[in-house]
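Undergrad: My questions concern the predicted model and sequence given below.
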Amino acid sequence: CWCCLTCVSDRTTMPAKAPPVSDPHLAAVIQRATENKPDFTRLDLQFHMIGDEGVVPLCNALVKNTSLKELFLSNNDIGVVGGKALAGMIAKNKSLQEVSIGKNKIGDIGATEFVKAVGSNASLKTIRFGRNNISKDVQDKINQAGKGRKAGPLVVVFSD
């Protein structure tokens, strides 16, 4: 569902309240990401307000993950620091195909980091940025990088 994380193999769910980084459920999600199990293909943390404090360690765990295909982090109060962490992870991750990070606070400074990231990621097929206060100029740069990939064009969505 949109309000929880469901791990396919063990049906573990994460409550929809805003967890602090020390929250054991968020720690379990991060641990699960580092385990790289083949059934860990979708992670939906929308509306959990994990902020930069939660997304940075999550990105660190996902850099080497090779099983996750879909990542949904919309409505999480992610700012510039988290945006940069996400871009760094996307540049290195080899399995993600779809990322949704809409309705956060990434802005131009954080979003600029995605220009290089989307150009270097061969697995990514779609990324959604809706409502992140990203200027038309930065949007155009990300779109250009997405179109010029060796892996083929990337679908980049800036609207809801």
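TA: Arrived safely, thanks for sending. Residues are numbered from 1 along each chain as shown.
Undergrad: Confirm residue 156 sits in a strand?
TA: Yes. Per DSSP: H, G, I helix; E, B strand; the rest coil, residue 156 lies within a strand segment.
Undergrad: which one is it nearest to, not counting chain neighbours?
TA: Leaving aside its sequence neighbours, residue 156 sits nearest to residue 146 (Cβ to Cβ, 6 or more residues apart in numbering; 4.7 Å). Every C-beta, even on glycine, is put in place using the N, C-alpha and C of the backbone.
Undergrad: now swap in residue 145 and tell me
TA: Residue 145's closest residue in space is residue 119 (Cβ to Cβ, 6+ apart), at 4.0 Å.
Undergrad: average model confidence for the host helix or strand of the one you found?
TA: Element membership of residue 119 [criterion: DSSP states H and E] is helix 107-120. Averaging pLDDT along helix 107-120 gives 96.
Undergrad: For that helix, which outside residues touch it?
TA: Applying Cβ atoms under 8 Å, 6 or more residues apart in numbering, the contact partners of helix 107-120 are 79-84, 86-88, 90-91, 124, 127, 129, 132-135, 137-139, 141-142, 144-146, 148-149, 154, 156.
Undergrad: Just the buried ones out of the residues you listed, please.
TA: With burial judged by 16 or more other Cβ atoms under 10 Å, the buried subset of those is 79-84, 86-88, 90-91, 124, 127, 129, 132, 134, 138-139, 141-142, 145-146, 154, 156.
Undergrad: Quick check: closest non-adjacent residue to residue 153.
TA: residue 147 is the one closest to residue 153 (Cβ to Cβ, 6+ apart), at 5.1 Å.
Undergrad: Nice, that's everything, thank you.
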